[in-house]
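Undergrad: Sequence first, predicted coordinates after that:
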There are 2 protein chains.
Amino acid sequence: MKIAIAGYGNLGRGVECAAAQNKDIELVCVFTRRKPETVKLMTPGIPVLPVADMEKMADKIDVLIICGGSATDLPVQTPEYVKKFNVIDSFDTHAKIPEHFAAVDKAAKASGKVGIISCGWDPGLFSVNRLYASAILPEGKDYTFWGKGVSQGHSDAVRRIEGVVDARQYTIPVDEALAKVRTGENPELTTRQKHTREVFVVAAEGADKAKIEKEIVTMPNYFDEYDTVVRFIDMETMKKEHSGLPHGGFVIRTGSTGINKEHNHVIEYSLKLDSNPEFTASVLVAYARAAFRLNNEGVTGAKTVFDIAPAYLSPLSGDELRHKML
Amino acid sequence: MKIAIAGYGNLGRGVECAAAQNKDIELVCVFTRRKPETVKLMTPGIPVLPVADMEKMADKIDVLIICGGSATDLPVQTPEYVKKFNVIDSFDTHAKIPEHFAAVDKAAKASGKVGIISCGWDPGLFSVNRLYASAILPEGKDYTFWGKGVSQGHSDAVRRIEGVVDARQYTIPVDEALAKVRTGENPELTTRQKHTREVFVVAAEGADKAKIEKEIVTMPNYFDEYDTVVRFIDMETMKKEHSGLPHGGFVIRTGSTGINKEHNHVIEYSLKLDSNPEFTASVLVAYARAAFRLNNEGVTGAKTVFDIAPAYLSPLSGDELRHKML
């Protein structure tokens, strides 16, 4: 199966790594909006091409993995690129998913291609687990916790504060809340009870640290509803200890069965990821396999992780899967 | 959707409870090989019919949930019943799944029905999680731990020992092994390192307890490869403290990504179940929905959890799912 990457940031680099781990997948090229000669891949011999050349490559690529951002790139790119390619994206603006789905579905049905949207771990694997768990335990309650991990949006928000040179924000699930959920008591938890936030900040020389801290912890939407700890560090420490992009989280459903609902059950799914973009990319590559196979079977239109049978993600045959994994 | 139950043991009773929790599902009747008048349901007004009447009911039932045992019932029942019904079973003899699949597939394709086999949590939800995790992290290692929970097969084996009046066997995952797996070191673990076994025994009056204990801990296949603790208790304690059928377990995959495999990831799925049969039944009922829908779309033949897209399990529409769970 031949894939290409559109957009070579953290996620695109992750797809490059993931492609190298899957023997049935060949990375044909990377498309960029930058000057191709300024983009250096990790894998030797793979061409970097300008986006303008994309159409010419259409018959050489089975699936295009779109690695743009959800805010402005994907709403334009995915419906556009699906006119020529089977595509996958990781669109994660939850509220706009129905709109994005409709746009991709329309274009994909017209072109005869498959477009899998909102792929990754949340939305993605977490969504799938919410679905399985709620279908199996209809009388129950869902909980999603994120972290410990770096939130890029929150880190960016802190970086925009005057006097901040660099910042890294960690979202941390509260252990007591997790423990309470696992008891099956179905607690009602506030935002503050579920997660705390920890911010590492490099301040400019002479900056008013007390003022920066106050601006952070009171920032509407981002921090005001959370207990936030701010720690000032120097640039060296930032680079040494906070240059990774770890993340993860928990999806838990508790529910009861029995004629008098006398039996409780806990279904828990969790991820602990050293690299958020590389893991997300690995999910995208597995679903690229599904897009290719579905399209070969004549399927067209927009799909999500909900619409795709697990077997489509694996390079193994049905026989092998039943033998080894069932 | 109208379902029926074939076989009214622990699992059949679980299906009865699960049907009552799902508004889109109606339990039409229960089929039994016993004298119907001797079988008492928990739900009033639902007929209990002899298996001989099954064929007459074919046009009143969308999916038949077969609640027989894997050893002798299901290999005969599932290929037979799929001639007239869409069916689901929980066939769990791993080594014989390919053979069972082939038999059900042949009969189901001939009759134009769908037969979903090996549904439950292992095989079932655990299998699905092994598949997702291995497709996403191709360079990694899988671990499955079971328990803490009652193993019926092991309990039965102990009950067959001379001088044993009743017995209950718990399989318990070893915490240190779980902890080691979660580090991502990909340890090689022996059977003994992964699980311990705890057996509660009611001995007959005057029985030789030392002899019973020795027979248990040295029993080939069942206990000899494990560290087993045997505890003698009285019948009252057995009834009071060990009458439930709890179970559960963990599916963990650790793997690495990155151009130099420098990033580790842990994917973990776990279940903690107060009632193994009721939870298994809840899985069967969710997949009954899938069998019905697939067959309505013209699909026929044998299927497993690998072949079924998550959306088929939920009563919600695609729009609702994308809106609420993605």
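TA: Structure received.
Undergrad: What values do phi and psi take at residue A:314?
TA: Dihedral angles of residue A:314 (phi, psi; degrees, to the nearest 10) stand at phi -100, psi 140.
Undergrad: if I pick it, what's in contact with it?
TA: A:286, A:289, A:321, B:131, B:134-135 (C-beta atoms under 8 Å, 6 or more residues apart in numbering or on different chains). Quick note: C-beta positions are derived from backbone N, CA and C, even for glycine.
Undergrad: per-residue confidence at it?
TA: Looking at residue A:314, its pLDDT is 98.
Undergrad: about what we covered before: want to try JSON lines for the contacts of residue A:314, with distance to residue B:277 as columns?
TA: Formatted as JSON lines, the contacts of residue A:314 follow (distance: C-beta to C-beta, whole Å):
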{"residue": "A:286", "distance to residue B:277": "33"}
{"residue": "A:289", "distance to residue B:277": "36"}
{"residue": "A:321", "distance to residue B:277": "26"}
{"residue": "B:131", "distance to residue B:277": "24"}
{"residue": "B:134", "distance to residue B:277": "29"}
{"residue": "B:135", "distance to residue B:277": "30"}
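Undergrad: quick one: which of those residues is nearest residue B:143?
TA: residue B:134 (11.7 Å; C-beta to C-beta).
Undergrad: Other residues contacting the helix or strand hosting the closest one?
TA: Taking DSSP states H and E as the criterion, residue B:134 maps to helix B:125-136. With C-beta under 8 Å, 6+ apart as the test, helix B:125-136 has contacts from A:125, A:128, A:132, A:136, A:267, A:269, A:279, A:282-283, A:286, A:289, A:310-311, A:313-315, A:321, A:325-326, B:118, B:140, B:142, B:144, B:249, B:251, B:253, B:255, B:267, B:269, B:271, B:283, B:304-306.
Undergrad: partners of the next helix-or-strand element following it in the sheet?
TA: Once helix B:125-136 ends, the next helix or strand along the chain (criterion: DSSP H and E) is strand B:140-146. Looking at strand B:140-146 with DSSP bridges, its partner strands are strand B:247-257 (antiparallel).
Undergrad: can you give me the strands in chain A?
TA: A:2-6, A:26-32, A:48-50, A:63-66, A:86-88, A:114-116, A:140-146, A:149-150, A:164-173, A:195-203, A:227-232, A:247-257, A:263-273, A:301-303 (DSSP state E).
Undergrad: Quick one: mean pLDDT for the last one?
TA: It stands for strand A:301-303. 98.
Undergrad: which neighbours does it have in its sheet, and in what orientation?
TA: By DSSP bridges, strand A:301-303 pairs with strand A:114-116 (parallel).
Undergrad: Please apply the same query to the fourth one.
TA: Pairing partners of strand A:63-66, with direction, according to DSSP bridges: strand A:2-6 (parallel), strand A:86-88 (parallel).
Undergrad: Which residues does the last one contact?
TA: When you say that, I think you mean strand A:86-88. With C-beta under 8 Å, 6+ apart, strand A:86-88 has contacts from A:62-66, A:78, A:81, A:104, A:113-117, A:119, A:284, A:287-288, A:291-292, A:295.
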